[in-house]
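A.B. asks: Here's my sequence, what's the structure:
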Amino acid sequence: MRERESSAPEDLLTLQAVVEFAGGWQLSGQQNTSMDLTERLYRLQNQLGVSALFTWGVIAENGTTHIAVVPGGWMEDQLEDPTTYLKLMAGISWLLAEAAKCPVTEYSYGEVIEKAEVVNDSVEVDYEYEYGIESPRFTGIFDLFSSMFSGSESTVVSPGDYYDYDFIHETNDTDFLNPDMYEDEEGSSLGPTSPLVLEEEGATTPATPEATGHQEPTTQEDLPQKSLRAACMDRLKSEMELGGEAMGALVAQRLDLEEAMRAVQALEHRLRNLTTSGPDSTDGALTPITLASLQKEHGFISWIPFLQRAFQIIDHELSEDTVILINQEYLRGLTLLVEEYSASTATMEVMRNYLTWRLVAQFYPSQSGYESRRGEQCLKQTEDVFGPVVTAMYVRHKTIEASKSLVEEVDMMVDTMKEAFSTTLQTLPWMSQDSRTAALHKLANMMDLIGYPEQVLNGTWLNAKYSEVEVTDDYLMNIVAFQSHQRKEGMKLFTRPYQRGSWAEMAHGGSIVTVNAFYSPNSNTMIVPIGMLQDPLYWNQPKSLTFGAFGIVVAHEITHAFDDSGINYSSDGQATQLYDEATIAAFHRQASCLATQYSGYSIAEAKVDGNLTLGENLADHGGLRMALAAYSRWRSDHIDYRLPALPFDDMQLFFIGYALPWCARHTKKHSQSQVENDEHAPERFRVLGPLSNSPEFSAAFHCPLGSTMNPAEKCSVW
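C.D. replies: Residues are numbered from 1 along each chain as shown. Okay, here's the model as predicted:
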């Protein structure tokens, strides 16, 4: 950790190089004003994994994989606190501007990646727009980019590749242009030896040292001394250690930074207002459209080369007739917004600042100002990068035999909960017989992924999976390299036959990093990673706590197959209506009781939206009922343990176990933001809501009829 802290100035310098690769930034150096919007977005989205203006990736829909374009390019939590966000934006911009004053350490890439003390701080750099990965100032590091973004012969890694239907940016996988695809009028290739330079007026000239204004040093005497860079780095480090108020005073002197970032923040708010869904969301109906039609209807960028260049890296030719799924409403608004910002030099500058800020916000090593949580952040990123490796270590630590035994035990537990829910479905009075049959078929056809994929224990598979990832002593470049690798692997899913209910479909791929269960409506699959199988969710004894804590989480995910969103998908994940119209109307009548109940809750002077949280509330209620029924079945054949020195019986411990996962404390600001934006109700209401509607809870704790936890009128859906 001390090493990471001491390398923060180095991180800034590396980030400055990445920024220049993406087009430069006039706030922290110079900018390539001739790089058009398509190329900027190509480098951001397809090479660096940064969502800007929109997000695109591969999703599963109707039994196959599709390319999809959805809203993206902002962070909800940052926009919720605009004042703090603006300070963060101005502060990081100032740090980058300070870092730009320091000479840079170049990177050389051969068989291994090495840093070389080639320093170049005294040369004025004119930017050009090049399709090759080149820069006069950062030649070595751009060679490194080239090695990351170009294809190579490699071992095919399957079936454990990651895929996420929820559009996490790491899975929006593309890669860099092959320079050979661009030819001059005589048919010769314009590769790195003769890069194409587009001037502001549109003329093309070959890039030469004379044309760029850049002269390479020819002797050792021409190079600045190492001490110049060391002194600059020491100054930068001391400035970063000043503390909030002192650094804030320095930043406040740059009013231009605050003004520029305020305009960027305003643009992000406008993007957010183009949709009712959050960034990267695939919820709601997506419109199928051919690539050619996408170009015609929403031509604010050149979509055809944008996507075709991406897929060429995995040797896949993308036809203009390829069907793309898009959020039509969002892209329609985005097209008009980009046209508005392209109308003047001033607004186009705001657009460029926004694009670069999206890059900086994602890669700055201490983003969001959580300096005190640097260790936690670095650990999480390591786990994210090497999730399968960490999972294998975890399984071996627990012993493979014990892990397999645990998975088998959970598998039987899940089957018991499904049987309990099947019994419930057969007794629901508001469901027609045809709808009941469809629901039972969907439940029977639901696939379970429990524990971990077997291939994580295969050393050959793990080595092959990471064979293309170049790991160096540079933190930021390791993150860039891994995201490039993940994007390639994610794109390959588009070219492979779709496998419903496979670990390959899931972004976490069985990784223990995220301790949670998941349900995929597009494949009707429930996932329970092995990381969940430990306290405070999963206990060896007593089973009352396990069924209450772990059981409710699993049952909650099963219920999602039948909530207000799940009923729009069939038993094999096809986007089709599950119930008949009469049953849907009856379902919504029953569910309206919950919407009304939760709309009566408030916290931190903010009122809960019962409609926004309805899907999760339905799953909480169904999960509680299912887990309780499963525990009751288990008790009929087993004797449970109780906790010593505590006066709670089996049923009371079950409900205490149910409440355990929702123990939390938040600031008033966090609670207000959660109420306004989160589809989950605040934790306390996820306990009070379902339990107050449970006759079994009232009986277990002897709650008087008419009391808060035993109202006379209870909501009941399942």
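A.B. asks: How confident was the prediction at residue 21?
C.D. replies: Residue 21 is assigned 86 on the pLDDT scale.
A.B. asks: scratch that, residue 94 is what I was asking about
C.D. replies: At residue 94, the model reports a pLDDT of 83.
A.B. asks: And it, how close does it get to residue 341?
C.D. replies: 25 Å (C-beta to C-beta, to the nearest Å). (C-beta placed from N, C-alpha, C; glycine too.)
A.B. asks: neighbour count winner among those two?
C.D. replies: Neighbours per residue (other C-beta atoms under 10 Å) separate residue 94 from residue 341, with residue 94 holding more: 22 against 19.
A.B. asks: so the more buried one is in which element?
C.D. replies: helix 82-99 (DSSP states H and E).
A.B. asks: If we go by neighbour counts, what in that helix is buried?
C.D. replies: Buried positions in helix 82-99, judged by neighbour count with 16 or more other C-beta atoms under 10 Å: 85-99.
A.B. asks: pLDDT weak spots in the stretch 201-350 of the chain?
C.D. replies: Applying pLDDT under 70 to the stretch 201-350 of the chain picks out residues 201-227, 229, 240-248, 250, 252-253, 283-284.
A.B. asks: what helix or strand is the residue lying closest to residue 614 once chain neighbours are set aside on?
C.D. replies: In this structure, residue 614 finds its nearest non-sequential neighbour in residue 595, 5.3 Å apart by C-beta to C-beta, 6 or more residues apart in numbering. For residue 595, the host element (DSSP H and E) is helix 581-599.
A.B. asks: Not counting its own residues, what contacts that helix?
C.D. replies: With contact meaning C-beta atoms under 8 Å, 6 or more residues apart in numbering, helix 581-599 is reached by 430-432, 435, 564, 567, 577, 579, 607-611, 613-614, 617-618, 621, 681, 685, 689, 693, 715-717.
A.B. asks: same question for the helix or strand that that helix is followed by, mean pLDDT?
C.D. replies: Remark: after helix 581-599, the chain's next helix or strand is strand 602-603, criterion DSSP H and E. The pLDDT scores in strand 602-603 average 93.
A.B. asks: Sheet-wise, list the partners of the helix or strand just after strand 602-603 with their directions.
C.D. replies: For strand 602-603, the succeeding helix or strand toward the C-terminus, using DSSP H and E, is strand 606-607. Its sheet considered, strand 606-607 pairs with strand 602-603 (antiparallel) by DSSP bridges.
A.B. asks: Just the residues contacting the partner strand, thanks.
C.D. replies: In contact with strand 602-603 (C-beta under 8 Å, 6+ apart) are residues 608, 671, 675, 682, 684-685.
A.B. asks: go with 6 Å
C.D. replies: 671, 682 (C-beta atoms under 6 Å, 6 or more residues apart in numbering).
A.B. asks: about what we covered before: restricted to helices, list the contacts of helix 581-599.
C.D. replies: Using DSSP state H, 435, 614, 617-618, 621, 685, 689 are the members of the contacts of helix 581-599 that sit in helices.
A.B. asks: In a markdown table, list those residues along with distance to residue 501 and neighbour count.
C.D. replies: Below are these laid out as a markdown table (distance: C-beta to C-beta, whole Å; neighbours: other C-beta atoms under 10 Å):
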| residue | distance to residue 501 | neighbour count |
| --- | --- | --- |
| 435 | 24 | 23 |
| 614 | 27 | 22 |
| 617 | 27 | 29 |
| 618 | 23 | 25 |
| 621 | 26 | 24 |
| 685 | 33 | 23 |
| 689 | 32 | 23 |
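A.B. asks: Can you pick out the most distant pair from these?
C.D. replies: Farthest pair in the ones in helices among the contacts of helix 581-599 (C-beta to C-beta) is 435 and 685. Separation: 29.5 Å.
A.B. asks: can you map out the strands along the protein?
C.D. replies: Assignment of strands within the chain using DSSP state E yields the ranges 54-61, 64-71, 106-109, 113-116, 196-198, 204-206, 287-290, 323-326, 447-451, 518-520, 525-529, 602-603, 606-607.
A.B. asks: Mind giving me the packing neighbours of the first one?
C.D. replies: Using 3 or more C-beta pairs under 6 Å, 6 or more residues apart in numbering; DSSP states H and E, the elements in contact with strand 54-61 are strand 64-71, helix 475-495.
A.B. asks: Which among these is found nearest to residue 269?
C.D. replies: Comparison of the helices and strands packed on strand 54-61 against residue 269 by C-beta to C-beta identifies strand 64-71 as nearest, at 13.3 Å.
A.B. asks: and the closest one, which residues are buried?
C.D. replies: By 16+ other C-beta under 10 Å, the buried positions in strand 64-71 come out as 65-71.
A.B. asks: same check, this time on stretch 393-413
C.D. replies: By 16+ other C-beta under 10 Å, the buried positions in stretch 393-413 come out as 394-395, 398, 403, 406-407, 410, 413.
A.B. asks: any idea how far that stretch is from the chain center?
C.D. replies: Average the C-alpha atoms of stretch 393-413, do the same for its chain, and the two points are 28 Å apart (C-alpha atoms, centre = their mean, to the nearest Å).
A.B. asks: and the closest residue to residue 676 other than its chain neighbours, how many neighbours?
C.D. replies: Excluding the flanking residues, the one nearest residue 676 by C-beta to C-beta, 6+ apart is residue 606, at 6.6 Å. Using other C-beta under 10 Å, the number of residues around residue 606 comes to 16.
A.B. asks: sorry, back to before: can you spell out which helices and strands pack onto the helix holding residue 94?
C.D. replies: Helix 82-99 sits against helix 8-21, helix 244-252, helix 255-272, with contacts defined as 3+ C-beta pairs under 6 Å, 6+ apart.
A.B. asks: right, and these - which one's nearest residue 702?
C.D. replies: When the helices and strands packed on helix 82-99 are ranked by proximity to residue 702, the top entry is helix 255-272, at 48.5 Å, counting by C-beta to C-beta.
A.B. asks: got the angle between that closest one and strand 54-61?
C.D. replies: 30 degrees (axes from the mean of the first three to the mean of the last three C-alpha atoms, to 10 degrees).
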